[in-house]
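K.L.:
Have a look; sequence and predicted model below, questions after that.
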Amino acid sequence: MENHRNISEFILLGFSYGYNTKIFCFVFFLFCYIVLLGGNLLIIVSVHCSPLFNQPMYYFLIYLSTMDICYTSTVTPKLIGDLLVERKTISYSSCMIQIFTMHFFGGIEIFILVAMAYDRCIAICKPLHYMLIMSRTRCNLIVLASYAGASIHAIPLFSIAISLPFCGPNEIDHYFCDVFPLLKVACTDTHISGILIIAFSGILSLVVFSILLISYGIILYSLRNQSAEGRQKALSTCGSHITVVILFFTPSVFVYLRPPTTFPEDKILALFYTIIVPMFNPLIYTLRNTEMKNTLKKVWCQAFLSKEARN
């Protein structure tokens, strides 16, 4: 920890807008965060209180919703608070923790998306063996593997960030701490570090994105043998997954799979994978999913009726 003695905190430049625009952004991002928390908690509680919990896809959905909350909470509360202050600072320790937690929870999320794609592949391509293949034991192992994969992704990035020496400017042109913006203020040659970051973030995102697209391509190809009703049900479920994947991975691949530099547009693109997509996940998985809509009605109508009966 000797190499950062001259830097005890960083200044986050965030979004440089006028007062009225900042107030609008504050209200908008606060609304997004409340919707994100409420929507994902609604999914977690509803699935836990229904027979859907025994289905692998919804078992993974609980973890996806949990990671949405954890992942976004590493960035969004700080962003919302900073919109109300003139000088936006973050301590060195908090910056390093933010880098690790963001990439750790984000890593779990992308591997859970892979697990959900695998689950849909088995359900559509091998329906007779589905429950045998996707047993609860295997689902638990997949979740553990997601945690392990996220650690392999996050720990090297955290190690790169914590090894960087900072002795000069401490202004980060972003609204949260991330590895690429930190390279710009490090007082050392960061060429090798930039290549390593691309390997552990950009290439990982591209590989996972490609795997997901191939998986859904296989699913769509397999649907040609299904009945019209079966195709409609499968497309309803898979359509929501594909929407989430495209919205999440397109901006993240663009940001991390390129030479280690930053652009002003990066802050706008980062909003998609840190706030916007996690906020829309509950809507996408409920409004486009008949089983989830029926479950929400059943669980919360029963809860309301039982409360009325007690009164």
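P.N.:
Cool, got the structure. Model, not experiment: these values are computed from the prediction.
K.L.:
And stretch 201-212, what's buried?
P.N.:
Using 16 or more other CB atoms under 10 Å as the test for burial, stretch 201-212 gives Ser201, Gly202, Leu204, Ser205, Leu206, Val208, Phe209, Leu212. Heads up, the C-betas are built off the backbone N, CA and C, glycines and all.
K.L.:
Let me know the average pLDDT across that stretch.
P.N.:
Per-residue pLDDT values across stretch 201-212 average out to 88.
K.L.:
same question, stretch 164-173
P.N.:
Mean pLDDT, computed over stretch 164-173, is 84.
K.L.:
Output that stretch as PDB, restricted to C-alpha atoms.
P.N.:
Included here for stretch 164-173 are C-alpha records, laid out as PDB according to Å, rounded to 0.1, in the frame of the first residue of the first chain:
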ATOM      1  CA  LEU A 164      -1.000   1.300  -9.600                       C
ATOM      2  CA  PRO A 165       1.000   4.200  -8.200                       C
ATOM      3  CA  PHE A 166      -0.800   7.600  -7.900                       C
ATOM      4  CA  CYS A 167       1.300  10.600  -7.200                       C
ATOM      5  CA  GLY A 168      -0.100  13.400  -9.300                       C
ATOM      6  CA  PRO A 169      -3.600  14.400 -10.600                       C
ATOM      7  CA  ASN A 170      -6.400  12.600  -8.800                       C
ATOM      8  CA  GLU A 171      -9.400  13.600 -11.000                       C
ATOM      9  CA  ILE A 172     -11.200  10.600 -12.500                       C
ATOM     10  CA  ASP A 173     -13.400  11.500 -15.500                       C
END
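K.L.:
How far does it sit from its chain's centre?
P.N.:
Between the mean C-alpha point of stretch 164-173 and the mean C-alpha point of its chain there is a distance of 27 Å (CA atoms, centre = their mean, to the nearest Å).
K.L.:
now swap in stretch 77-94 and tell me
P.N.:
Here the centre of stretch 77-94 is set off from its chain's centre by 21 Å, with CA atoms, centre = their mean.
K.L.:
Next: stretch 56-63.
P.N.:
With CA atoms, centre = their mean, you get 15 Å for stretch 56-63.
K.L.:
hmm, back to that, so which of the buried residues of stretch 201-212 comes closest to Trp300?
P.N.:
Leu212 (31.6 Å; CB to CB).
K.L.:
so who does that closest one touch?
P.N.:
Neighbour list for Leu212: Leu113, Val114, Ala117, Val245, Phe249 [criterion: CB atoms under 8 Å, 6 or more residues apart in numbering].
K.L.:
Can you lay out those as a markdown table showing neighbour count?
P.N.:
Compiled in a markdown table, these are given as follows (neighbours: other CB atoms under 10 Å):
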| residue | neighbour count |
| --- | --- |
| Leu113 | 24 |
| Val114 | 20 |
| Ala117 | 23 |
| Val245 | 22 |
| Phe249 | 22 |
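K.L.:
picking that back up, make JSON lines from the buried residues of stretch 201-212 and add secondary structure and distance to Gly14 to it.
P.N.:
As requested, the buried residues of stretch 201-212 are exported to JSON lines (DSSP: H, G, I helix; E, B strand; the rest coil; distance: CB to CB, whole Å):
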{"residue": "Ser201", "secondary structure": "helix", "distance to Gly14": "22"}
{"residue": "Gly202", "secondary structure": "helix", "distance to Gly14": "24"}
{"residue": "Leu204", "secondary structure": "helix", "distance to Gly14": "27"}
{"residue": "Ser205", "secondary structure": "helix", "distance to Gly14": "24"}
{"residue": "Leu206", "secondary structure": "helix", "distance to Gly14": "28"}
{"residue": "Val208", "secondary structure": "helix", "distance to Gly14": "29"}
{"residue": "Phe209", "secondary structure": "helix", "distance to Gly14": "28"}
{"residue": "Leu212", "secondary structure": "helix", "distance to Gly14": "32"}
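K.L.:
Now flag whichever of the residues you listed is closest to Val185.
P.N.:
Relative to Val185, the closest of the buried residues of stretch 201-212 is Ser201; by CB to CB it sits at 18.6 Å.
K.L.:
Can you give me the neighbour number for the nearest residue to that closest one once chain neighbours are set aside?
P.N.:
Nearest non-adjacent residue to Ser201, counting by CB to CB, 6 or more residues apart in numbering: Tyr256, 4.1 Å away. The burial metric for Tyr256, expressed as a neighbour count using other CB atoms under 10 Å, is 21.
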